[in-house]
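Asks: Next come a sequence and a model predicted from it.
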Amino acid sequence: MCFNQKSFLKEKDVGLAMKLLYVAGRWDPTIQNEYSGSDYGAFHMLKKQADFDVVMVGPLEGNPSLIEKFFLQGYGVLTKKRLIKYYPSCLRKIGKAINQAVKDHQPDVIFSKYSSPMVHVDIDRPFVYMCDSTIQWAKKYWREFSRLGFDIMEKWEAKSIQKSDRIITFSEANAKIITSTYHKEPEQVRVMPIPAYIPAKYLPLKGSINKEIGKTLNLLLVGKRFNLRGIDIAIEVTQKLNAQGVNTKLQIVGIEGEDQEYVSFMGVFEKENPQQIKSYFDFFRVADLLIHPSRFHSAGIVISEASAFGLPTITNAVGGLATSVQHDQTGIVLPEGSSPQAYVDSIKRLINDSDRYHQYRVNARNRFDDILNWEKAGLRFAQIIKEVLP
């Protein structure tokens with residue numbers, strides 16, 4: 001078959017609870033190391049809600065037909081671009097699998113964070129779509145796909161958006177695209193900053209976040225993509241700070257690289273591994289500032305993770321980062337595409353204002369406790385889902 005479907009996973013039996021069909025994409029939302037942390041968080045928090053009986057279909061992974069495979073390989077050779085993320089024949093078969101799950105389980109509501117698998121689903125009941133980014137919004141940063149490919153994928157995405165009764169997204173910027181470009185009614189779109197899932201045993205006590213910057217400024221960057229996450233920018237910022245008399249060290253987590261003066265690449269950490277996840281969160285404990293100079297990011301779970309440790313973030317207003325960070329409250333949001341020197345100047349002003357820095361730390365942790373953790377987000381998700389139920 002074209003897809004690999006796990007057996008349906010029934011999470012609980014709660015009598016008269018509303019049945020929710022959770023549609024996974026190609027990634028497994030039960031595994032924290034998988035592609036999307038928001039998928040993991042949403043799945044686990046929804047299944048904890050007493051009002052819902054959660055059934056999962058998927059993960060759904062496709063293999064192309066021989067004709068599709070040869071055509072797309074040839075297209076890539078000729079254009080040096082990818083055409084599409086999903087193969088059309090696979091989407092049709094995935095749609096059949098989801099339709100069968102709907103028939104078998106008769107859910108009250110359908111939930112997914114993936115649009116393409118929903119293209120061929122015959123939706124005759126409420127559908128809630130968690131959309132962190134749209135093709136229209138992100139395509140100028142995804143350079144591996146061709147213009148034709150983007151046109152095809154946008155049409156697929158538009159079909160799923162129009163089928164949805166509610167859309168949950170993690171930024172005001174993406175919500176604007178959904179309502180203006182995809183013509184979704186504003187009252188059907190809900191915006192909330194992206195939450196982070198942090199096990200309670202790793203969450204620091206609130207009183208422990210009152211950290212002062214020492215003789216060395218410890219910067220932290222977390223990212224898996226060198227160019228997209230602006231790792232080169234962070235390195236230049238570090239070099240400039242040291243050249244201007246600010247003793248600075250930068251630790252980069254999530255990617256391998258060659259260490260250089262003032263800069264250490266710490267590698268990749270597996271969140272399913274108890275020792276590695278502890279080491280991962282230890283970086284947030286010792287850092288003074290999270291630097292996040294992404295060239296595009298729809299939201300940024302790492303910013304919410306940093307907030308749990310009272311760690312302020314300096315970033316720029318690209319994508320949804322201005323929703324993730326509250327400017328001059330939980331960190332600094334520079335204009336989109338700001339130069340390394342702009343980061344340097346802002347950092348120097350901040351470290352020379354200890355009261356402001358301390359308030360950022362307090363605000364960041366308070367925001368995590370109020371809205372940036374998945375326990376609170378799960379309740380909000382449940383409320384939004386209930387809005388669409390008869």
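Replies: Yep, it's here.

Asks: For residue 124, see how far away residue 281 is.
Replies: 44 Å (Cβ to Cβ, to the nearest Å). (Glycine included, C-beta is placed from N, CA and C.)

Asks: ok, those two, which is more surrounded?
Replies: residue 281 (20 against 9; other Cβ atoms under 10 Å).

Asks: How about the contacts made by that one?
Replies: Residue 281 sits next to 198, 202, 305, 309 when contact means Cβ atoms under 8 Å, 6 or more residues apart in numbering.

Asks: Where do the strands of the chain begin and end?
Replies: Secondary structure of the chain, counting by DSSP state E: strands at 9-10, 18-23, 52-57, 109-112, 127-130, 166-169, 189-191, 217-222, 248-253, 263-267, 289-292, 313-316, 331-334.

Asks: Could you dump these into CSV and include mean pLDDT?
Replies: Rendered in CSV, the data for the strands of the chain read as follows (pLDDT from 0 to 100):
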stretch, mean pLDDT
strand 9-10, 44
strand 18-23, 94
strand 52-57, 93
strand 109-112, 95
strand 127-130, 96
strand 166-169, 96
strand 189-191, 96
strand 217-222, 97
strand 248-253, 98
strand 263-267, 96
strand 289-292, 98
strand 313-316, 98
strand 331-334, 98
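
Asks: Show me the protein divided up by domain.
Replies: Domains of the chain are assigned by automatic domain parsing as 9-195+374-387, 200-372.

Asks: Among these, show the one with the smallest mean pLDDT.
Replies: For the domains of the chain, mean pLDDT drops lowest on domain 9-195+374-387, to a mean of 88.

Asks: Sketch out the helices for the chain, chain order is fine.
Replies: 37-48, 66-79, 88-105, 135-138, 147-163, 172-180, 231-243, 274-286, 301-308, 321-324, 340-351, 354-367, 374-387 (DSSP state H).

Asks: Among those, show me which one is buried the most.
Replies: helix 301-308 (a mean of 27; mean count of other Cβ atoms under 10 Å).

Asks: that older thread, how about the strands of the chain, which one is nearest residue 387?
Replies: Smallest distance to residue 387 across the strands of the chain (Cβ to Cβ): 6.3 Å, for strand 166-169.

Asks: The closest one pairs with which strands?
Replies: Applying DSSP bridges, strand 166-169 is found paired with strand 127-130 (parallel), strand 189-191 (parallel).

Asks: Next, format the strands of the chain as JSON lines and append distance to residue 83 and mean neighbour count.
Replies: Formatted as JSON lines, those follow (distance: least, Cβ to Cβ, whole Å; neighbours: other Cβ atoms under 10 Å):
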{"stretch": "strand 9-10", "distance to residue 83": "33", "mean neighbour count": "14"}
{"stretch": "strand 18-23", "distance to residue 83": "24", "mean neighbour count": "22"}
{"stretch": "strand 52-57", "distance to residue 83": "27", "mean neighbour count": "23"}
{"stretch": "strand 109-112", "distance to residue 83": "23", "mean neighbour count": "25"}
{"stretch": "strand 127-130", "distance to residue 83": "24", "mean neighbour count": "22"}
{"stretch": "strand 166-169", "distance to residue 83": "26", "mean neighbour count": "24"}
{"stretch": "strand 189-191", "distance to residue 83": "29", "mean neighbour count": "18"}
{"stretch": "strand 217-222", "distance to residue 83": "31", "mean neighbour count": "24"}
{"stretch": "strand 248-253", "distance to residue 83": "33", "mean neighbour count": "22"}
{"stretch": "strand 263-267", "distance to residue 83": "33", "mean neighbour count": "16"}
{"stretch": "strand 289-292", "distance to residue 83": "31", "mean neighbour count": "25"}
{"stretch": "strand 313-316", "distance to residue 83": "31", "mean neighbour count": "25"}
{"stretch": "strand 331-334", "distance to residue 83": "35", "mean neighbour count": "24"}
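
Asks: Turn those into TSV, columns for distance to residue 178.
Replies: Formatted as TSV, these follow (distance: least, Cβ to Cβ, whole Å):
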stretch	distance to residue 178
strand 9-10	30
strand 18-23	19
strand 52-57	25
strand 109-112	15
strand 127-130	10
strand 166-169	6
strand 189-191	6
strand 217-222	27
strand 248-253	32
strand 263-267	36
strand 289-292	24
strand 313-316	22
strand 331-334	22
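
Asks: Of all these, which one is nearest residue 137?
Replies: strand 166-169 (10.0 Å).

Asks: With just CA atoms, put that closest one into PDB.
Replies: Output in PDB follows, covering the C-alpha atoms of strand 166-169 (Å, rounded to 0.1, in the frame of the first residue of the first chain):
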ATOM      1  CA  ARG A 166     -12.000  26.500  13.400                       C
ATOM      2  CA  ILE A 167      -8.300  27.200  12.800                       C
ATOM      3  CA  ILE A 168      -5.900  27.500  15.700                       C
ATOM      4  CA  THR A 169      -2.700  29.300  14.700                       C
END
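
Asks: What lies in contact with it?
Replies: With Cβ under 8 Å, 6+ apart as the contact definition, strand 166-169 has outside contacts at 126, 128-132, 161, 175, 178, 184, 188-192, 381, 384-385, 387-388.

Asks: returning to what we had before: ok, of the contacts of residue 281, which come out buried?
Replies: 198, 202, 305, 309 (16 or more other Cβ atoms under 10 Å).

Asks: List the residues that contact the third one.
Replies: In other words, residue 305. 196, 198, 222, 281, 284.

Asks: Closest one of the residues you listed to residue 259?
Replies: Using Cβ to Cβ, the contacts of residue 305 come closest to residue 259 at residue 222, 16.8 Å.

Asks: partners of the closest one in the sheet?
Replies: residue 253.

Asks: residues in contact with it?
Replies: Counting by Cβ under 8 Å, 6+ apart, residue 222 makes contact with 252-254, 283, 290, 292, 302, 305.

Asks: If we use 6 Å, what do you get?
Replies: Residues near residue 222 by Cβ atoms under 6 Å, 6 or more residues apart in numbering: 253-254, 302.

Asks: swap in residue 367?
Replies: By Cβ under 6 Å, 6+ apart, residue 367 lies in contact with 307, 330.
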